[in-house]
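Participant: here are the coordinates; sequence isn't available:
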């Protein structure tokens, strides 16, 4: 019993000794305890059990009775602690809106919380109303104005850059300037007609050199009405150009170049320059339709149509067709003009001029009288010349341009045959020939002053001066 209290065991001596005992112990007990301590120190320090122990004689087996100092027990290695665990989230205290209650210390009263919630809701509603008002009253109208300005400019670009210039690089540059405009004023300030005019002048001058005929002429086809919508529009109600709205003008190359260099893109974009394809059409008209009979071979005339209004039984006047102020054919050339043969019969017997002279010699009176008379038929004279019975050279000298000289004498004398008829041979575009044949009774030939004959230029200079 005492051995168990002292920590001694007979059978198991490998147990750890009880170090809490004080006082002297027997040698065996001391040696056992010391050996165990050395073994433990050796295991800790890594030294062998008998290292550093002095060799003793065989007779000293019992050892000395001196007291040995025991070494302290090494501290055991600390065992690894368990992995730290996350702390569970703290429960929020109830009350408050978005932390307005218990988030700032003391919880606000319920009335204050309701006030704060109402103020927050009112602020959100106010912000939404202000934003909506700005969008619908300021931003949206401004964007509509900007988009309208851009669309107007784009339509203008498409109306000028079309046909042969639909893919011109200058068109893309102008569209880029329009797209980058930030205000309506910037968009509307983009110049469209300037670059378009420059591009069309270059193109039309090239066409003049390519399309001229062997006589140094070109035919300009132009429209008197809008040609329809732009390429990006789909409005089917917009009128398009019909064949009757296209006018043709045959001019010399120099005149065509002058027209091109003086016109802008609004005219040049609706103009086509082609090689003249013409025919000669004979028409018989009266003097009032034939520019007063004062036209000659080589003159250029414009052809208009005189459409008389229709009067019904109740004295109401209706117009059968819309009034067109532009000529149906421009620049038709007079290739020949024939006056009616009734103007070739002449007789001056009724207009015989008599000159009387009286002389008195020695009281005897003597008088003489002279006079001239002429009569004939020019048509018969022409037939005689054609049969070679008369001197052909003399007939040519006398009757060359007889009809024109007769008309010019009538113009100078302010006296003429108003009911004379004329047959004219006009050079017109092939596409206008049928119209001229069908409406020859209602056409009126006019002489443009820009291409006036010599007699008209002389009269204009005498009236208005040379300028």
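Facilitator: Yes, it's here. Just so you know, these numbers come straight off a predicted model, no measurement behind them.
Participant: Give me the domain ranges for the protein.
Facilitator: What automatic domain parsing lists as the domains of the chain is 1-77, 123-233+240-276.
Participant: ranges for the strands of this structure?
Facilitator: Assigned by DSSP state E, the strands in the chain fall at 217-223, 246-252, 271-274, 278-286, 300-305, 310-311, 317-318, 329-339, 345-347, 353-361, 364-372, 375-377, 421-429, 443-446.
Participant: Least reliable of those strands by average pLDDT, please.
Facilitator: Here these differ in mean pLDDT, and the lowest is strand 353-361 at a mean of 49.
Participant: how close does the closest residue to residue 163 other than its chain neighbours get to residue 418?
Facilitator: Nearest non-adjacent residue to residue 163, counting by CB to CB, 6 or more residues apart in numbering: residue 269, 7.3 Å away. C-betas here are computed from N, CA, C, even on glycine. From residue 269 across to residue 418, the span is 46 Å (CB to CB, to the nearest Å).
Participant: Between these two, which is the more surrounded one?
Facilitator: residue 269 (24 against 11; other CB atoms under 10 Å).
Participant: give me every residue that touches that one.
Facilitator: Going by CB atoms under 8 Å, 6 or more residues apart in numbering, residue 269 touches 159-163, 165, 196, 200.
Participant: So what's the predicted local confidence for it?
Facilitator: 92.
Participant: ditto for residue 458
Facilitator: pLDDT for residue 458: 90.
Participant: same check, this time on residue 112
Facilitator: At residue 112, pLDDT is 83.
Participant: List the buried residues of the lengthiest helix in the chain.
Facilitator: When the chain is parsed with DSSP state H, its longest helix is helix 110-134. Neighbour counts over helix 110-134 (16 or more other CB atoms under 10 Å) mark 113, 116 as buried.
Participant: Ok, stretch 147-156 next?
Facilitator: 149-150, 153-154, 156.
Participant: now stretch 285-294
Facilitator: Within stretch 285-294, the residues scored as buried using 16+ other CB under 10 Å are 285, 287, 289-294.
Participant: circling back: the contacts of residue 269 into JSON lines, with extra columns for distance to residue 425 and neighbour count?
Facilitator: Formatted as JSON lines, the contacts of residue 269 follow (distance: CB to CB, whole Å; neighbours: other CB atoms under 10 Å):
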{"residue": "159", "distance to residue 425": "41", "neighbour count": "21"}
{"residue": "160", "distance to residue 425": "40", "neighbour count": "25"}
{"residue": "161", "distance to residue 425": "42", "neighbour count": "26"}
{"residue": "162", "distance to residue 425": "38", "neighbour count": "17"}
{"residue": "163", "distance to residue 425": "35", "neighbour count": "11"}
{"residue": "165", "distance to residue 425": "39", "neighbour count": "19"}
{"residue": "196", "distance to residue 425": "41", "neighbour count": "26"}
{"residue": "200", "distance to residue 425": "36", "neighbour count": "26"}
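Participant: OK, contacts around residue 340?
Facilitator: When contacts are counted by CB under 8 Å, 6+ apart, residue 340 is found next to 420-422.
Participant: Let me see the confidence value for it.
Facilitator: Each residue has a pLDDT score; the one for residue 340 is 82.
Participant: State the distance from it to residue 417.
Facilitator: According to CB to CB, residue 340 and residue 417 sit 9 Å apart.
Participant: Kindly report the same for residue 453.
Facilitator: 20 Å.
Participant: Roughly how far does residue 402 sit from residue 174?
Facilitator: Residue 402 sits at a distance of 62 Å from residue 174 (criterion: CB to CB).
Participant: ugh, wrong one, I meant residue 393
Facilitator: The gap separating residue 393 from residue 174 is 69 Å, by CB to CB.
Participant: repeat for residue 206
Facilitator: 22 Å.
Participant: So the two - more neighbours on which side?
Facilitator: residue 174 (23 against 12).
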